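K.L.:
with the input below, show me the fold.
(one chain, ligands or ions: 1)
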Amino acid sequence: MTNKLKYFVANWKMFGNLASLKSANKINYYISSKKKLRSHSKIILCLPNTLIYFFKKNFHSKFISLGAQNCHQDEKYGSYTGSVSSYMLKNVGAKYVILGHSENRITGESNNVIKKKIKSALNQNLKVILCVGETLKEKNKKKTFSVIKNQIISSLGKKFNTNNIIIAYEPVWAIGSGKIPKTNKLETIFKLIKKNFKHKKAPVVLYGGSVNAKNIRNFSSVPDIDGFLIGGASQSPKKFIDIIKNYYK
Ligand code: PEP
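P.N.:
Model prediction:
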């Protein structure tokens, strides 16, 4: 079954400074002016940690939720130079956290570490956006679903609370590459994820990887896609807003 709300989640990655808050506010302004759109869309900005508090404090947005892009596995404080915990993120206004992004998995973040991070985030009442997806090599070996299944089961188990966990299917080969999966492949994968991980209700499952204002219409024919995790294109308010506009065209 398809979840009614469509999610548009921005992942700014390691981009943005205080001046970029103006960009974030343009998105806020747009959403604030679109009552109908707000009733069926959920907008989440996963900003760099340095901007979360400033956005919250300056714009008091009722329509945009804030998220972070990673956290340390220890929940509160510790001697982990350079790290930020889920408690600290919650404290500055984050409601969501992206975990298991392939850009972090590639540096050695294991399913076991991701599992601990998820636990710490949930303990702090953060909602988790768990990224899963296969590499090109795994795709060519037709291992897409077995990779996703293993990533989900090893960090969440077979049954998880579908109210707190959002799955983001992000094929590694599609991230930042301009390539996107074929529609029929997406249909199959989304159906499999929803069917295999249904617990009371089907999880919210997003697609991520090279989404832009031109290709967004390709995804609207796949009803099981509950929304999008948008990297590069989300750093420009115009591009991000155009994605939302074109999706509903
Ligand atoms: C991402 O990094 O989560 C992502 C989807 O990136 P892009 O949209 O740039 O492919």
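
K.L.:
for residue 13, see how far away the nearest residue to residue 221 once chain neighbours are set aside is.
P.N.:
In this structure, residue 221 finds its nearest non-sequential neighbour in residue 183, 6.1 Å apart by C-beta to C-beta, 6 or more residues apart in numbering. Backbone N, C-alpha and C define where each C-beta goes, glycine included. Distance, residue 183 to residue 13, by C-beta to C-beta, to the nearest Å: 27 Å.

K.L.:
between those two, which one's more packed in?
P.N.:
Taking neighbours as other C-beta atoms under 10 Å, residue 183 and residue 13 compare with residue 13 leading, 18 against 13.

K.L.:
so who does the more buried one touch?
P.N.:
By C-beta atoms under 8 Å, 6 or more residues apart in numbering, the residues touching residue 13 are 48, 69, 103, 231, 235.

K.L.:
ok, which pair from those is furthest apart?
P.N.:
Taking C-beta to C-beta as the measure, the contacts of residue 13 span a maximum distance of 14.8 Å, between 103 and 235.

K.L.:
does residue 168 belong to a helix, a strand or coil?
P.N.:
Secondary structure, DSSP: H, G, I helix; E, B strand; the rest coil: residue 168 is strand.

K.L.:
show me what contacts the residue in the chain positioned nearest to the ligand?
P.N.:
Scanning the chain for proximity to the ligand using C-beta to the nearest ligand atom identifies residue 231 as nearest, at 2.1 Å. Counting by C-beta under 8 Å, 6+ apart, residue 231 touches 11, 13, 175-176, 208.

K.L.:
so which of those residues are also by the ligand?
P.N.:
Among the contacts of residue 231, proximity to the ligand is found for 11, 175-176, 208 (C-beta under 6 Å from any ligand atom).

K.L.:
and those residues, which is closest to residue 117?
P.N.:
Out of those, the member with the shortest distance to residue 117 (by C-beta to C-beta) is residue 11, at 16.1 Å.

K.L.:
partner residues bridging the closest one?
P.N.:
Taking DSSP bridges as the rule, residue 11 bridges to residue 46.

K.L.:
can you pull the contacts of it?
P.N.:
Residues near residue 11 by C-beta under 8 Å, 6+ apart: 46, 69, 98, 101, 208, 229-231, 234.

K.L.:
which ones are touching residue 236?
P.N.:
Here residue 236 is in contact with residue 23 (C-beta under 8 Å, 6+ apart).

K.L.:
now it. Its backbone dihedrals?
P.N.:
Phi and psi for residue 236, reported as degrees, to the nearest 10, are phi -110, psi 120.

K.L.:
the helix or strand where residue 152 lies - contacts with which helices or strands?
P.N.:
Taking DSSP states H and E as the definition, residue 152 sits inside helix 144-156. Counting contacts by 3 or more C-beta pairs under 8 Å, 6 or more residues apart in numbering; DSSP states H and E, helix 144-156 is packed against helix 111-123, strand 127-132, strand 165-169, helix 183-196.

K.L.:
what secondary structure does residue 16 sit in?
P.N.:
Using three-state DSSP, the structure places residue 16 in coil.

K.L.:
what of residue 180?
P.N.:
Under three-state DSSP, residue 180 comes out as coil.

K.L.:
cool, thanks, signing off.
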